[in-house]
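Undergrad: Prediction below, plus the sequence it came from.
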Amino acid sequence: MDVYEDPATWTARPARPQWQLALRFAGSVVWFPVVCVLWAAVAAVLLVVGMFAEVVTALSSTVERGYLNALGWTLERVGRLASWCVSWPELRHEGDVDHYKARVDKAVAKWTARASAPVEPKKPKPPVECAIPLRAYRGVGGWYVAEVALAQGWELRPTDEYREVRLWWSAASRVD
């Protein structure tokens with residue numbers, strides 16, 4: 001975390017008007033399935049293209065990396081079409097501080113359980129870095145995420161608190 005960043009200034013976002021959330025939710029009910037179908041169609045097309053490009057990628061790892069980067073970029077862009085959607089819990093609990101505190105506690109506890117899991121042979125190592133999205137802490141602010149995470153052994157990473165709070169599992173940097 002940079003010196004000039006102070007988690008105490010990461011306040012909660014103002015509650016959105018209920019009518020605006022209701023309109024967004026109504027639009028979400030129609031738009032989100034369209035985005036899901038579009039995402040699946042794009043993924044299927046890119047998979048078919050990838051099967052034909054397998055011949056080329058067998059000869060060039062650069063082409064393979066480029067294809068995988070393009071695949072990830074394209075699917076991420078399609079997924080962002082639904083970024084304005086509002087879920088039912090968001091509609092019901094906008095401005096409810098206790099609800100957002102419970103969401104943050106649950107999210108940090110989930111990541112803590114994953115990160116503190118013992119390393120199993122021939123399995124991937126537990127994650128040492130995570131990001132808690134704004135959707136989880138909107139009603140309490142990023143300072144609450146930082147407070148809960150620091151109490152459970154996480155360190156803050158450089159963060160854009162308007163999008164997410166990034167965390168690093170500090171026990172991962174210790175040498176056993």
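TA: Ah, there it is. Computed from a predicted structure; not experimentally measured. Numbers count the residues shown, from 1 in each chain.
Undergrad: Relative to its centre, which residue of this structure is most distant?
TA: In the chain, counting by CA atoms, centre = their mean, L59 sits farthest out from the average C-alpha position, at 34.7 Å.
Undergrad: Confirm that that one sits in a strand.
TA: No: per DSSP: H, G, I helix; E, B strand; the rest coil, L59 lies outside any strand segment and is coil.
Undergrad: quick one: low-confidence ranges for the chain?
TA: Counting by pLDDT under 70, the low-confidence segments of the chain come to 1-5, 57, 172-176.
Undergrad: cutoff 50 now
TA: 1-4 (pLDDT under 50).
Undergrad: all strands of it, in order?
TA: In the chain, the segments counted as strands under DSSP state E are 129-133, 154-156, 164-169.
Undergrad: The second one packs against which elements?
TA: Under the contact definition 3 or more CB pairs under 8 Å, 6 or more residues apart in numbering; DSSP states H and E, strand 154-156 sits against helix 97-115, helix 142-151, strand 164-169. Quick note: C-beta positions are derived from backbone N, CA and C, even for glycine.
Undergrad: which one is the residue sitting nearest the centre point of the chain nearest to, not counting chain neighbours?
TA: By CA atoms, centre = their mean, the chain has its centre lying nearest to P133, at 5.0 Å. Closest residue to P133 apart from its sequence neighbours, by CB to CB, 6 or more residues apart in numbering: E164 at 5.0 Å.
Undergrad: just E129 next, same as before
TA: Using CB to CB, 6+ apart, the nearest residue to E129 is W168, at 5.3 Å.
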